[in-house]
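Undergrad: Quick one, structure for this:
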Amino acid sequence: MKLSKLVIAATVVAAGASSIATSAFAQAKEQFFPLLSYRTGPYAPNGVPWANGKQDYIKMINARDGGINGVKLTFEECETGYATDRGVECYERLKGKPGVALFDPQATGITFALTEKAPVDKIPLMTLGYGLSVAQDGQAFKWNFPFMGSYWTGADILIQHIGKGAGGLDKLKGKKIALVYHDSPFGKEPIPLLQERAKMHGFELQMLPVTAPGVEQKATWLQVRQSRPDYVLLWGWGVMNSTALKEAQATGFPRDKLYGVWWAGAEPDVRDVGEGAKGYHALALNGYGTQSKVIQDILKHVHDKSQGTGPKDEVGSVLYTRGVIIQMLAVESVRRAQERFGKGKVMTGEQVRWGMENLALDQKKLDAMGFGGLMRPLSTSCADHMGSTWARVHSWDGSKWNFSSDWYQADDQIIKPMVKAGADKYLGDKKMTRRDAADCQS
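TA: Predicted structure coming up:
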């Protein structure tokens, strides 16, 4: 009887051990993507399609490819409401999950708060088109990756475009350019670049902060009406953008003299304004529409099987497509890391960081992946954590966006010295040093 009980007990223990081993193996074959998002509050209309694009791309990769070389992709969303403190809470809650790849904070303020945490936790931050402009310098910011552009590159391209329209940058001398900006780290980021360009070309820069979230701007646009700038740059997000366009219409400021950053150039920004926003221009960091192969694959493998995260008619919109691109770069960073550290294995945050620093997506590869026409080639290195600084301008015709320029590239002769000086100051303030050659190979 006692022997029988011992056999049963041993069997139970063995079964439990087998279950634990199976569970561990299952976990070991899953790469986890923490998804910070904001589906509530004044930034939700813009945050929702961005978040949906990321989720749908993960679902598509699992459905179409079975994950990354056999490694299934998992995710969990955490609502931040675009608030820095909530973003940090989400980070702290999710960073310990097995197989964490990287974080996309989805907010410049949250990025600022996590920049000192990432090196300690050895988890990279992807901040595509936002975050710290100086983080382009990978020798100073090992764990930050502002892929595809920063607020300095965006501001630089807008000044290039306005100058071209005026007949040359020299024609900006004596002009007045007003910056209507979200009074937060996000809105303040372009100021140093604009100040530098103002000194170079002799235009006057007027700065007009808007208190978050930006639903009250009457006083700001009264200032615009009184000072009569030649151009207005809009550095807004969420409800601030449509409010600014409505106020511009109410005060009679010409919408064709109003230029937005790429976070102020999507469907939610203009949909409610309609004809009132006709002529408004904004940066376009990426292409959009449903024609590309990757979007067609998402429709086929996700939405046609009723697995879509949001409404089907949102697929291919500006911010949805940006979410898809962000998640693709996250997936390709893991894939690149696997090439070095082991195909079919779950990558650590440190290994994914190496993958992010060694991406090489040329036009041929982008075309093969279905991203032709949606973005420019991107190639990163230890020195360059941005990989690409291209953007276009598109314009609102009252019912839809249309590209109104070719691709522009930010001027490295202006930006690189600023990046280095800013990075050196950051390192000096933190009593840190630049990475050496050996670390760049690690």
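Undergrad: Give me the domain ranges for the chain.
TA: Following automatic domain parsing, one finds the domains of the chain at 25-149+289-379+419-440, 152-284+394-410.
Undergrad: Could you pull out the strands in the stretch 1-150 of the chain for me?
TA: Counting by DSSP state E, counting those that start in this stretch, the stretch 1-150 of the chain has strands at residues 30-37, 72-79, 125-126, 144-145.
Undergrad: From G308, how far off is V324?
TA: 12 Å (CB to CB, to the nearest Å). In short, each C-beta sits where N, CA and C put it, glycine included.
Undergrad: Double-check that Y426 belongs to a helix.
TA: Yes. Secondary structure assignment places Y426 in a helix (DSSP: H, G, I helix; E, B strand; the rest coil).
Undergrad: who's in contact with it?
TA: Contacts here follow CB atoms under 8 Å, 6 or more residues apart in numbering; on that basis Y426 touches V134, A140, F141, M432.
Undergrad: What count of nearby residues applies to G260?
TA: 27 (other CB atoms under 10 Å).
Undergrad: Oh, that last question was meant for A437, not what I typed.
TA: Neighbours of A437 (other CB under 10 Å): 8.
Undergrad: for the protein, what are the low-confidence residue spans?
TA: Low-confidence segments of the chain (pLDDT under 70): 1-28, 442.
Undergrad: can we see that at 80?
TA: 1-28, 441-442 (pLDDT under 80).
Undergrad: Check it and tell me which residue is nearest its centre.
TA: Nearest residue to the geometric centre of the chain (CA atoms, centre = their mean): L128, 2.9 Å.
Undergrad: what sits against the residue nearest to it when sequence neighbours are not counted?
TA: In this structure, L128 finds its nearest non-sequential neighbour in F147, 4.5 Å apart by CB to CB, 6 or more residues apart in numbering. Going by CB under 8 Å, 6+ apart, F147 touches M126, T127, L128, G129, I326, L329, L378, T380, H385, M386, G387, S388.
Undergrad: make it 7 Å
TA: By CB atoms under 7 Å, 6 or more residues apart in numbering, F147 lies in contact with M126, L128, L329, L378, M386, G387.
Undergrad: got it, and F112?
TA: With CB under 7 Å, 6+ apart, F112 has these contacts: P185.
Undergrad: same thing but at 10 Å, please
TA: Contacts for F112 (CB atoms under 10 Å, 6 or more residues apart in numbering) come out as T84, P105, G131, L132, S184, P185, F186.
Undergrad: just checking, V210 touches V224?
TA: No. Judged on CB atoms under 10 Å, V210 makes no contact with V224 at a distance of 11.3 Å.
Undergrad: ok so, going back, let me know the closest of the contacts of F147 to E314.
TA: L128 (19.2 Å; CB to CB).
Undergrad: I'd like the contacts of F147 as CSV, with distance to S37 appended.
TA: Below are these laid out as CSV (distance: CB to CB, whole Å):
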residue, distance to S37
M126, 14
L128, 15
L329, 17
L378, 24
M386, 24
G387, 24
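Undergrad: Most neighbours among these, which one is it?
TA: That'd be M386 among the contacts of F147, by other CB under 10 Å, with 28 neighbours.
Undergrad: Isn't that one up against L132?
TA: No. Assessed by CB under 10 Å, M386 is found out of contact with L132, at 11.1 Å.
Undergrad: The residue lying closest to D121 once chain neighbours are set aside: what's it in contact with?
TA: The shortest distance from D121 to any non-neighbouring residue, by CB to CB, 6+ apart, is to K95 (5.6 Å). Applying CB under 10 Å, 6+ apart to K95 gives the contacts P34, F103, L114, K117, A118, D121, K122, I123, G349.
Undergrad: so the last one touches M126, yeah?
TA: Just to be clear, that refers to G349. No. Counting by CB under 10 Å, G349 does not reach M126; the two are 11.6 Å apart.
Undergrad: shared neighbours of these two, anything?
TA: A101, L102, F103.
Undergrad: so where do the helices sit in the stretch 1-150 of the chain?
TA: Assigned by DSSP state H, counting those that start in this stretch, the helices in the stretch 1-150 of the chain fall at 2-28, 44-65, 84-94, 108-114, 118-121.
Undergrad: ok now the fourth one, how far from the chain's centre?
TA: Here the centre of mass of C-alpha atoms in helix 108-114, compared against the chain's by CA atoms, centre = their mean, to the nearest Å, lies 13 Å away.
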